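1. Below: sequence and its predicted model.
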Amino acid sequence: MKKRHLIALAAMATLGFSAISASAQAPDWKKIRIGVEGAYPPFSEVGADGKLKGFEIDLALAMCAEMKAECTLVQQDFDGLIPALQAKKIDAIIASMSITDERKKAIAFSNPYYNTPARFAAKADAKFEFSPAGLKGKKIGVQRATIHEKFVAETFKQSNIVRYATQDQAFLDLKSGRIDLTIADLVAVDQGFLKTPAGKGFAFQGPSYDDVKYFGIGSGVGMRKADEKALAKKFNDAIAAVKANGTFKKLNDKYFEYDISAK
């Protein structure tokens, strides 16, 4: 056999091995590790029994059932979710992560599954003018690495921005008087604080905020860009299915008094 034939056969064998190897390494997404926060009630929290619970926990499991995937929920601080995704410690994020242009530079998203505005909370009898000058010098508590942090940092530059690892920590400092206001998703403020015993004497303050520049188009499932082609379709199909079969509405009505679905 001539040398060039041997070289050609060797090259074909190498290509064939590479194709088989790539096929073997490509995930079939029968097993998916989902990063969740576990500190953002009523979306995601740890119950008294130590188990994760909440709207997004139930929704994640419902989507996994639709995808016929074995899912593992991995609890992680919110500001560590994208780094964990990029480090391949998790495969997807379901943690009220808003789809913004800035985040889309780093990761990919499914279609949005819910969308609600942001609101401030403060003492019920507080009098504030919600403008940069009106909140000058006021202490505003906000969770780190969130759309709310970016919004207040760029909008209320004369305020004292106090950053927390979790929104619950901000609520605790609001209750104790260490900050003047806090801002978060309307539902998290309402059901995670105002409707709890700790929220007595506090209320929504100021307008609703939904500027797409800061708050995006709703919350979606985050994933690595390299996995977007296959995984986004699976989650998009699952989101559509749970909305079509009534599961989303059932969960919505279980946790909320209003419709939070992304239209």
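-> Received the coordinates, thanks. Keep in mind it's a predicted model, so treat the numbers as computed, not measured.

2. what's near enough to touch residue 150?
-> Residue 150 makes contact with 102, 214, according to C-beta atoms under 8 Å, 6 or more residues apart in numbering. All C-beta atoms are positioned from the backbone trio N, CA, C, and that covers glycine.

3. State the distance from it to residue 177.
-> 26 Å (C-beta to C-beta, to the nearest Å).

4. now swap in residue 121 and tell me
-> 13 Å.

5. Then residue 130?
-> The gap separating residue 130 from residue 177 is 20 Å, by C-beta to C-beta.

6. Comparing the two, which shows the higher neighbour count?
-> Neighbour comparison, residue 130 and residue 177: the larger count goes to residue 130, with 14 against 9 (by other C-beta atoms under 10 Å).

7. got the residue ranges for the helices in the protein?
-> Listed in chain order, the helices of the chain (DSSP state H) span 3-25, 55-67, 81-86, 101-104, 147-155, 167-176, 186-189, 212-215, 228-244, 247-255.

8. which one of the ones you listed has the most crowded surroundings?
-> helix 186-189 (a mean of 24; mean count of other C-beta atoms under 10 Å).

9. what mean pLDDT does that helix have?
-> Averaging pLDDT along helix 186-189 gives 96.

10. before we move on, what about stretch 212-232?
-> Stretch 212-232 comes out at a mean pLDDT of 96.

11. on that earlier part again, quick check: which of the helices of the chain is nearest to residue 31?
-> Proximity to residue 31 (C-beta to C-beta) singles out helix 55-67 among these, at 10.0 Å.

12. List of residues touching the closest one?
-> Outside helix 55-67, the residues that touch it by C-beta under 8 Å, 6+ apart are 29, 32, 34, 36, 42-44, 70-71, 73, 94-96, 113, 221, 234-235, 237-239, 241-242, 247-248, 251-252, 254-256.

13. can you do 7 Å?
-> Contacts of helix 55-67 with the rest of the structure, by C-beta atoms under 7 Å, 6 or more residues apart in numbering, involve 32, 34, 36, 42-44, 71, 73, 94-96, 234-235, 238-239, 241-242, 247, 251, 255.

14. That helix: how far from the chain's middle?
-> On the basis of C-alpha atoms, centre = their mean, to the nearest Å, helix 55-67 sits 14 Å off its chain's mean C-alpha point.

15. could you give the angle of that helix to helix 228-244?
-> 110 degrees (axes from the mean of the first three to the mean of the last three C-alpha atoms, to 10 degrees).

16. In PDB, list the C-alpha atoms belonging to helix 55-67.
-> Extracted in PDB, the C-alpha atoms of helix 55-67 (Å, rounded to 0.1, in the frame of the first residue of the first chain):
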ATOM      1  CA  PHE A  55     -42.600  28.700  43.500                       C
ATOM      2  CA  GLU A  56     -39.400  28.300  41.500                       C
ATOM      3  CA  ILE A  57     -38.500  25.000  43.200                       C
ATOM      4  CA  ASP A  58     -41.900  23.500  42.300                       C
ATOM      5  CA  LEU A  59     -41.700  25.000  38.800                       C
ATOM      6  CA  ALA A  60     -38.200  23.700  38.200                       C
ATOM      7  CA  LEU A  61     -39.300  20.200  39.200                       C
ATOM      8  CA  ALA A  62     -42.400  20.500  36.900                       C
ATOM      9  CA  MET A  63     -40.200  21.500  34.000                       C
ATOM     10  CA  CYS A  64     -37.900  18.600  34.700                       C
ATOM     11  CA  ALA A  65     -40.800  16.200  34.600                       C
ATOM     12  CA  GLU A  66     -41.800  17.600  31.200                       C
ATOM     13  CA  MET A  67     -38.300  17.100  29.900                       C
END
